[in-house]
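**Q** Predicted structure and sequence below. I'll ask about it afterward.
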Amino acid sequence: MAYTFDDAIVGGQLRVGTGYVPAIKEGDVKINGSAHMEGPVVLGAPNQEVGGFEKNVATLMVARTKNEDEDCTPASRSVHVKGNTRLEGDAGTPWALNITGNTTQVGNPLLFPWTVTQVGNSQILGTPATDNALYVTGGKTVNSCYIEGDLYVSGDIDGGNKGRLAARFAAADASPKPFDMQHPTKGEGNRLRYACIEGPEVGVYFRGRLRRGKEIFLPNYWKGLVHIQSITVQLQPIGAHQDIIIKRWDDQKIYLQSNGGLPIDCFYHVYGERKDCNPLVVEYQGDTWEDYPDKDYKDPNFSGPPNIVTS
């Protein structure tokens, strides 16, 4: 049986459904003005034809207001929360938070160091209504976004010319490409810094020691990785002068010869220039690294011979 009221005022509790609800208390200690609805509950537009829901998809389903009363001006939002909000995910769906559309999060630097703290998975699907699917401004720390765990980005990362990441990259492009670590033998309070070798090529190397042989076997993948005509070899005899020479080389071996056929014992270094990408454009016109002409190292206009040619 259904009842129709023009107006209803509930001074105590509103209960729709059955079951004891400790959160609102009951009996003599009940919280006046509290309510319990067993659900599902729909607020706003009543059906899909006017922007609502066609079937039960959640305990609480909130759509845009579709009240056509002349005194009602529909709001631009379906939900507006003043105060803190907490989401506790479960195994009902893969994501604790699933957003289709763009989001803006503005931190409060006076209260907490993080704009957003999240435990659980979330999915954000942007729309072309605004520029960003997710826009985050920082709190009182220097970190606008702090991620504990892995970060996977399938698209480009644009740190901006004023961004800390872009500034770090720019500094790395102009610096001697160092890496820095705790000193391995002097212990805490001491550091060790090395820097990368620099040159006009995208080079690789292979080194080792040859004993009682006359052939240096190159890694089998060098035939697809290195320009054979760019290979150079340095030899250092061990124990005595052996008058070692390089007879020839191909994409698999370096062939050696010693004086009088003596057994060879030497260190070797083999260098080559990669052929899976274009050779470096060593000198070019521009104001910053962004003016480099071969953006992905695959432009056919820059696919000339290697920078180092030895044959």
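**A** Okay, I see it. Bear in mind the structure is a predicted one, so any value in this text is a computation, not a measurement.

**Q** What separation is there between the nearest residue to Leu14 once chain neighbours are set aside and Ser78?
**A** Closest residue to Leu14 apart from its sequence neighbours, by Cβ to Cβ, 6 or more residues apart in numbering: Ala35 at 4.0 Å. Every residue, glycine included, has its C-beta placed from N, CA and C. Separation of Ala35 from Ser78 (Cβ to Cβ, to the nearest Å) stands at 19 Å.

**Q** what about the residue nearest to Leu14, how many neighbours?
**A** 12 (other Cβ atoms under 10 Å).

**Q** ok, now Asn32?
**A** Based on other Cβ under 10 Å, the number of other residues close to Asn32 is 9.

**Q** Kindly report the same for Cys145.
**A** Cys145, neighbours per other Cβ under 10 Å, totals 14.

**Q** what's the answer for Ile99, then?
**A** 14.

**Q** isn't it right up against Leu125?
**A** Yes. Under the criterion of Cβ atoms under 8 Å, Ile99 is in contact with Leu125, at a separation of 6.8 Å.

**Q** Quick one: residues contacting Thr233.
**A** Not quite, residue 233 is Val, not Thr. Ile216, Ile246, Trp249, Ile254, Tyr268, His269, Val270, Tyr271 (Cβ atoms under 8 Å, 6 or more residues apart in numbering).

**Q** Filter those down to just the ones in helices.
**A** Using DSSP state H to define helices, no part of the contacts of Val233 is located there.

**Q** Tell me the one of those nearest Pro200?
**A** Checking these against Pro200 by Cβ to Cβ gives Tyr271 as the nearest, at 12.7 Å.

**Q** For the closest one, give its distance to Tyr205.
**A** Tyr271 is 5 Å from Tyr205, by Cβ to Cβ.

**Q** Of those two, give the one with the bigger neighbour count.
**A** Tyr271 (19 against 10).

**Q** In this structure, where is pLDDT below threshold?
**A** Counting by pLDDT under 70, the chain contains low-confidence ranges at 107-121, 123, 126-130, 138-144, 156-168.

**Q** Domain ranges for it, per the record?
**A** Per automatic domain parsing, the domain ranges recorded for the chain read 14-62, 95-152, 159-198, 200-311.

**Q** Need those domains in a markdown table (columns: distance to Ala2).
**A** Supplementary listing: those in a markdown table, determined by distance: least, Cβ to Cβ, whole Å:
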| stretch | distance to Ala2 |
| --- | --- |
| domain 14-62 | 13 |
| domain 95-152 | 35 |
| domain 159-198 | 60 |
| domain 200-311 | 68 |
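
**Q** Determine which stretch of those domains is the most buried.
**A** Ranked by mean neighbour count, those are led by domain 200-311 with a mean of 14 (mean count of other Cβ atoms under 10 Å).

**Q** End to end on it, go ahead and measure it.
**A** 18 Å (Cα to Cα, to the nearest Å).

**Q** How about the secondary structure of Ile31?
**A** Following DSSP: H, G, I helix; E, B strand; the rest coil, Ile31 is assigned to coil.

**Q** My guess is it contacts Gln13. True?
**A** Yes. At 7.3 Å, Ile31 counts as touching Gln13 under the criterion of Cβ under 8 Å.

**Q** which residues do these two both contact?
**A** With Cβ under 8 Å, 6+ apart as the test, Ile31 and Gln13 both reach Ile24.

**Q** give the contact list for the residue nearest to Leu14.
**A** Val10, Gln13, Leu14, Arg15, Val16, Ile24.

**Q** switch to 10 Å and redo it
**A** Val10, Gln13, Leu14, Arg15, Val16, Val21, Ile24 (Cβ atoms under 10 Å, 6 or more residues apart in numbering).

**Q** And the furthest pair within those?
**A** Val10 and Val21 (15.1 Å).

**Q** All the helices of the stretch 51-200 of the chain, in order from the start?
**A** Secondary structure of the stretch 51-200 of the chain (DSSP state H, counting those that start in this stretch): helices at 164-174.

**Q** Would you check how far apart Ile228 and Ala75 are?
**A** 71 Å.

**Q** likewise Gly239?
**A** Separation of Gly239 from Ala75 (Cβ to Cβ) stands at 88 Å.

**Q** Then Asp173?
**A** To Ala75, Asp173 is 50 Å away according to Cβ to Cβ.

**Q** And Asp294, by the same measure?
**A** 53 Å.

**Q** what sits against Gly272?
**A** Contacts of Gly272 by Cβ under 10 Å, 6+ apart are 201, 203-206, 218, 222, 225-233, 251, 306, 308, 310.

**Q** Quick one: end-to-end length of stretch 59-79, please.
**A** 15 Å.

**Q** buried sites along that stretch?
**A** Residues Met61, Val62, Ala63, Thr65 are the ones in stretch 59-79 that count as buried (16 or more other Cβ atoms under 10 Å).
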